[in-house]
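Q: Give me a 3D structure for the following:
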Amino acid sequence: MDGMPPIVDQHSHGAVQGELGLGRFETHLAAAAGSTGPAPPGTTFFDSRAGLAVLRWCPPLLGLEPFCAPVRYLARRRELGAYRAGRLLLRGAGIGTFLLESGGPGGLTSAAELAHAAEGRAHEVVRLETLADRIAGDHEGVDRFLSRTAEALDTAARGATAFACAVRSCDGRAPDVPEVRRAVARRLRTGRTCPTTADPTLVRHLLWSALGTGLPVQLHCRDPRRLARLLAATAGSGTDLVLFPDPGHHRQAARLAAAYPHVYADVGPRPEEVLPEAPFGKLLFSTGARALPELYVVGARSFALAMGRLMAEWVADGWCRWAEARRIAGLVAAGTARRVYRLEAA
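A: All right, here's what the predicted structure looks like:
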């Protein structure tokens, strides 16, 4: 909508580097469309909501008409080259600041590389499980693992903007020392064959350790209601928590954000469903983009369109004036993220 500031994307994973053939492009588009298998016979993953969004918003950024044929779009991408095409897409997305989760699969841009390509700013979010997996590969014993984990968290906290962790549920207390030592011993026995995410006790230990740093912590959870005891236990701790629920649970996350002063929630793909559930300053935007620079464009443009439509409805219904509508959109798009993650204003 008009007057919206450059967006802060509070969660993404970076873009691929190098050329993408049809097969790899389709693989990444399939993941964005929520599929793990092949497209139905006679179709492609451009025949999906994500595919249609790519063809709606991305071709004009590369000098083509909207909804051109997928083969024409990919040919233009190759003609420009991966680097130039990626720059044009990222710079046309409308995102001014990126919070990039580190430690994902290789071949994706770092925060610095993404910032350069997008002519914006990028900050690192450290994934706790990935940090622990790197340390566990050294097989140096329980005491050494625990000390190295504490050192790694302290080092990461000096340069990162936030931590991130996937947690299915939490009972609202840190695990005691014997629990943690048993969990670490199990983790070291399995080595790289079993990720840290498989041990809830170790995940809880990492989470509570990160909470002690004072940095915001992003909580990726299927159903945020299963974190209610954790949210209650951390009230007054001085650490902000941001909920990233699975699809279908954004309303519940917003209600929890409304209930706890230190809790915030990702607004999700349908702001019209979520904004009535929490104060506007408790909701933040993210693309969740991974691999394709097109997904940054799709996420940002879809959000701007949905917010513009919602604010126009509220103004028409007399809920607010355009001045308030622009302020609300600005909070969700950027203002709240700048406050929670302590980002400098652009």
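Q: ok, which stretches of the stretch 1-150 of the chain are helices?
A: 22-32, 49-57, 70-80, 82-91, 111-118, 128-136, 142-159 (DSSP state H, counting those that start in this stretch).
Q: ok, which stretches of this protein are strands?
A: For the chain, the strands defined by DSSP state E occupy 7-12, 95-101, 121-127, 162-166, 217-221, 241-245, 263-266, 283-284.
Q: Looking at the ones you listed, spot the one closest to residue 308.
A: strand 7-12 (12.9 Å; C-beta to C-beta). From N, CA and C alone the C-beta is placed, and that goes for glycine too.
Q: Give the burial count for the nearest residue to residue 20 once chain neighbours are set aside, as a bare number.
A: In space, and not counting its chain neighbours, residue 20 is closest to residue 82: 6.7 Å by C-beta to C-beta, 6 or more residues apart in numbering. Neighbours of residue 82 under the rule other C-beta atoms under 10 Å: 16.
Q: so who does residue 82 touch?
A: Contacts for residue 82 (C-beta atoms under 8 Å, 6 or more residues apart in numbering) come out as 16-20.
Q: Filter these down to the buried ones and hand me the ChimeraX line.
A: Those of the contacts of residue 82 that count as buried under 16 or more other C-beta atoms under 10 Å are selected in ChimeraX with:
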select :16,20
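Q: Once you drop chain neighbours, what's closest to residue 179?
A: Nearest to residue 179 is residue 201, by C-beta to C-beta, 6+ apart, at 5.3 Å.
Q: Was I right to think the one you found contacts residue 182?
A: Yes - using C-beta atoms under 8 Å, residue 201 is in contact with residue 182, at 7.5 Å.
Q: Return the per-residue confidence for the residue nearest to residue 81 when sequence neighbours are not counted.
A: Residue nearest to residue 81 in three dimensions, not counting chain neighbours: residue 19, with 7.6 Å by C-beta to C-beta, 6+ apart. pLDDT for residue 19: 84.
Q: go on, the one 5 residues further on?
A: Per-residue confidence for residue 24 comes out at a pLDDT of 86.
Q: okay, now the closest residue in space to residue 283 that isn't next to it in sequence: neighbour count?
A: Excluding the flanking residues, the one nearest residue 283 by C-beta to C-beta, 6+ apart is residue 267, at 4.5 Å. Residue 267 has 27 neighbours, counted by other C-beta under 10 Å.
Q: quick one, phi/psi of residue 267?
A: With angles defined as degrees, to the nearest 10, residue 267 sits at phi -70, psi -20.
Q: so who does it touch?
A: Contacts of residue 267 (C-beta under 8 Å, 6+ apart): 250, 254, 274-275, 283-285, 303, 332.
Q: same question, residue 281
A: 331, 335-336, 339.
Q: Name the residues of stretch 118-125 that come out as buried.
A: 118, 120-125.
Q: Relative to residue 210, which of those residues is nearest.
A: Using C-beta to C-beta, those come closest to residue 210 at residue 125, 11.2 Å.
Q: and the closest one, how far is that from residue 32?
A: Noted for residue 125: a distance of 20 Å to residue 32, by C-beta to C-beta, to the nearest Å.
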